[in-house]
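Undergrad: with the input below, show me the fold.
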Amino acid sequence: METGRLSKKELRQIWKRWGFTHLSSMSYEKLQAHAWAFSYLPFAEKYYKNDPEAKRRLLVRHSMFYNTEPQTGQLINGIVASLEEEIALGGDVPEEMPINIKTTLMGPLAGIGDSIIQGIIVPILLSIGMGLAAGGNALGPVFYLISYGIIGPLISYLCFMNGYRLGVNAIDVIIGDNAKRITDAFNILGIMVVGGLAASNIALTTAIKIPMGDEVQELQNVLDGIFPSILPLGMVLLAWYLLTSKQLTATKVILVLTVISAAGVVIGVF
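TA: Okay, the predicted model is just below:
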């Protein structure tokens, strides 16, 4: 059995295998578990090359159901890597602990990660990309691909390395009331970001004009005087209603909004 600690290169190998394959092989039974087992194959070769039974147990415990936000979820992978290292080196860590850590943390990390990645970072990058692409500039999609291609792996790498460095001490920060406070804070920030992006990026005005004696008043001016951007807000609320109450998919919601917008233009409402 190998007695040395994991090197930086070996840690990066575990991180890279999970970071770039977490969604490449999924099933309803295990979801992201296949990538976990794949990421620990080099670990198994390092520590259990001459112990097939220990290697089997390692891969079995990392082939169980697992599902969390992939980038911030690397924090769990880092913690588990430190625990597995202690197990391999004969430390006083039971083999059940990595399983328990994964089961305990994947929910809180999913909430925190989705709030950060899907609620803040992705909308901001998309809004910048859409702004660049609005005039036909090809830099719009290129900007998003490159920027997220840098930010996503960077968050993933930092989470993994800090999880490995902190070990089980990181648990105190991300479970219980702490996790709820962090998730709530990022949810509120995410809602503010999405609201600001909706107001600035959704272009929807009405073409209706209201007769007022000998003059005609544009309804849009009246609406702007009462509640600026009320029509974009209405479309956002409609999309939210269709997604939550009617359980429509995002594709169907886009089709519904497209039909409403096209019909409104044809009949002269928009």
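Undergrad: what helix or strand is residue 217 on?
TA: Using DSSP states H and E, residue 217 maps to strand 215-218.
Undergrad: packing partners of that strand?
TA: The contact analysis (3 or more Cβ pairs under 8 Å, 6 or more residues apart in numbering; DSSP states H and E) places strand 215-218 against strand 209-212. In short, each C-beta sits where N, CA and C put it, glycine included.
Undergrad: what residues sit buried inside the strand it packs on?
TA: Within strand 209-212, no residue is scored as buried using 16 or more other Cβ atoms under 10 Å.
Undergrad: parallel or antiparallel, which strands does that strand pair with?
TA: Using DSSP bridges, strand 209-212 pairs in its sheet with strand 215-218 (antiparallel).
Undergrad: shouldn't residue 90 be within a helix?
TA: No: using DSSP: H, G, I helix; E, B strand; the rest coil, the assignment for residue 90 is coil, not a helix.
Undergrad: first to last residue in stretch 22-41, what's the distance?
TA: Distance across stretch 22-41, first residue to last, is 14 Å (Cα to Cα, to the nearest Å).
Undergrad: before we move on, the earlier item: quick one: name whatever helix or strand follows the strand holding residue 217.
TA: For strand 215-218, the following helix or strand on the C-terminal side (DSSP H and E) is helix 219-226.
Undergrad: for that next one, buried residues please.
TA: 220, 223.
Undergrad: pLDDT weak spots in the stretch 101-250 of the chain?
TA: Counting by pLDDT under 70, the ranges of the stretch 101-250 of the chain that qualify are 168-201, 213.
Undergrad: picking up where we left off before, need the contact partners of the strand holding residue 217.
TA: Strand 215-218 is contacted from outside by 208-211, using Cβ atoms under 8 Å, 6 or more residues apart in numbering.
Undergrad: how far does that strand sit from the chain's center?
TA: Remark: strand 215-218 is offset 47 Å from the chain centroid, using Cα atoms, centre = their mean, to the nearest Å.
Undergrad: same question, stretch 105-123
TA: Remark: stretch 105-123 is offset 5 Å from the chain centroid, using Cα atoms, centre = their mean.
Undergrad: which parts of that stretch are buried?
TA: Along stretch 105-123, these residues count as buried under the neighbour rule (16+ other Cβ under 10 Å): 105-106, 108-117, 119-123.
Undergrad: what about residue 130, how many neighbours?
TA: For residue 130, the neighbour count with other Cβ atoms under 10 Å is 15.
Undergrad: and the helix or strand hosting it, what other elements does it pack with?
TA: Under the criterion of DSSP H and E, residue 130 resides in helix 122-133. If contacts are counted by 3+ Cβ pairs under 8 Å, 6+ apart, helix 122-133 sits against helix 139-166, helix 176-201.
Undergrad: would you mind measuring from the closest residue to residue 133 other than its chain neighbours to residue 109?
TA: Of all residues not flanking residue 133 in the chain, residue 140 sits nearest, at 2.6 Å (Cβ to Cβ, 6 or more residues apart in numbering). Going from residue 140 to residue 109 by Cβ to Cβ, to the nearest Å gives 31 Å.
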